[in-house]
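Asker: sequence below, structure please.
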Amino acid sequence: MVSGKRGFPSHPVATVMEEGRLGGWVRSAEEWELVTRWIAWGLNDCQIARLTGIPRSTIRDWRHLARRPGVWAGGDRRADCPICHDLVIDNAGYSYLFGLYLGDGCISEAPKNVFKLRIVLDCRYPNIIREAGEAMLAMRPTSPMRVGKVARVGCIEVVSHWKHWPCLFPQHGPGSKLIRRIELKDWQQEIVDSKPGALLKGLIHSDGYRGLNHVNGKGYPRYLFTNFHEDIRRIFCMACDAFGVEWRQSKWNTISVARRDSVAKLDTVVGPKS
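Answerer: Next up, the predicted model:
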């Protein structure tokens, strides 16, 4: 919970002048970034005003400014969020990372309004671990970002800190993903529709596998995707439809892709884990 009395340090370059009754009060970039995160999480202007103490009229104006190019013109080195600042985003990298996040990712808040994105991956698959780190780096191409790897029992956490991870993944919220709805924003839908194969790759790398289905003593390759969240399974099926592969629900929590031509098509973007 954010108190309206909280003090924010002013930014040395980028500030927003609030006009009107406050007589020229200068709002800091940190406040603007906080408000844009609340907007990305779906709160309305009144709710954000109560949380931050910033007037509703200012929040309304910022909501309309949030995706205009060059909002922080003038040399702000932190104007690097593709969502807040309407920058070009790597659609394939985003779709892949989004798939990993839905399956094995989480975002947690760290000090100074920074957020930590963690993707937990099986340590047996170094190429997937490498690709996850590369996808994180691709989300912030105009500024340096450090991606770390933390060894756990049987797994590796791929970790990166950034203030704008909730902007890129507005599905973030309190508690487990299993207890809240997972719905795509319009801009996310446009991105994953353009790269459904990359989304499928991320989802399968996190919660799926390619194995053999034995019928009458003969093994046939197939993909299985298992997830307990109905919305995430729906997103997987939507991506299959967009990519042109046939699927069926083999169990209540499992989607199967077993037709030969569909498996072959998935093989072009996924293949066995490594």
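
Asker: quick check: mean pLDDT of stretch 233-245?
Answerer: What stretch 233-245 shows for mean pLDDT is 97.

Asker: check stretch 37-54 too.
Answerer: 82.

Asker: pull up the distance across it, start to finish.
Answerer: Counting by Cα to Cα, to the nearest Å, you get 14 Å between the two ends of stretch 37-54.

Asker: check stretch 190-201 too.
Answerer: 17 Å.

Asker: what does stretch 167-186 give?
Answerer: End-to-end for stretch 167-186, by Cα to Cα: 13 Å.

Asker: ok now that stretch, how far from the chain's centre?
Answerer: Centre-to-centre, stretch 167-186 and its host chain are 9 Å apart (Cα atoms, centre = their mean, to the nearest Å).

Asker: pull out the buried residues from it.
Answerer: 167-172, 177, 182, 184 (16 or more other Cβ atoms under 10 Å). (Each C-beta comes from the backbone N, C-alpha and C, glycine too.)

Asker: with secondary structure as extra columns, can I get those in TSV?
Answerer: Listed next are those as TSV, based on DSSP: H, G, I helix; E, B strand; the rest coil:
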residue	secondary structure
C167	helix
L168	helix
F169	coil
P170	coil
Q171	coil
H172	coil
K177	helix
I182	coil
L184	coil
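
Asker: quick one: least confident of those?
Answerer: K177 (82).

Asker: now that one: closest residue in space that isn't a chain neighbour?
Answerer: In space, and not counting its chain neighbours, K177 is closest to H229: 6.2 Å by Cβ to Cβ, 6 or more residues apart in numbering.

Asker: so that neighbour sits against R180, correct?
Answerer: No. Proximity of H229 to R180 does not meet the contact threshold set by Cβ atoms under 8 Å, at 9.2 Å.

Asker: and P221, how many neighbours?
Answerer: For P221, the neighbour count with other Cβ atoms under 10 Å is 16.

Asker: outside of whatever helix or strand it lives in itself, list whatever touches it.
Answerer: Element membership for P221, per DSSP states H and E: strand 218-226. Residues from elsewhere that reach strand 218-226 (Cβ atoms under 8 Å, 6 or more residues apart in numbering): 203-204, 207-214, 233, 236, 250-251, 253-258, 260, 263, 266, 270.

Asker: beyond that strand, next helix or strand please.
Answerer: As assigned by DSSP H and E, the chain's next helix or strand after strand 218-226 is helix 230-243.

Asker: take that next one, keep the C-alpha atoms, and write them as PDB.
Answerer: Taking C-alpha atoms only, helix 230-243 is exported to PDB below (Å, rounded to 0.1, in the frame of the first residue of the first chain):
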ATOM      1  CA  GLU A 230      -7.500 -22.400 -17.000                       C
ATOM      2  CA  ASP A 231      -6.700 -19.000 -18.500                       C
ATOM      3  CA  ILE A 232      -3.100 -20.000 -19.200                       C
ATOM      4  CA  ARG A 233      -4.300 -23.200 -20.900                       C
ATOM      5  CA  ARG A 234      -6.700 -21.100 -23.000                       C
ATOM      6  CA  ILE A 235      -3.800 -18.800 -24.000                       C
ATOM      7  CA  PHE A 236      -1.800 -21.900 -25.100                       C
ATOM      8  CA  CYS A 237      -4.700 -23.100 -27.200                       C
ATOM      9  CA  MET A 238      -5.200 -19.700 -28.700                       C
ATOM     10  CA  ALA A 239      -1.600 -19.600 -29.700                       C
ATOM     11  CA  CYS A 240      -1.900 -23.100 -31.200                       C
ATOM     12  CA  ASP A 241      -4.900 -21.900 -33.300                       C
ATOM     13  CA  ALA A 242      -3.000 -18.800 -34.500                       C
ATOM     14  CA  PHE A 243       0.100 -20.900 -35.400                       C
END
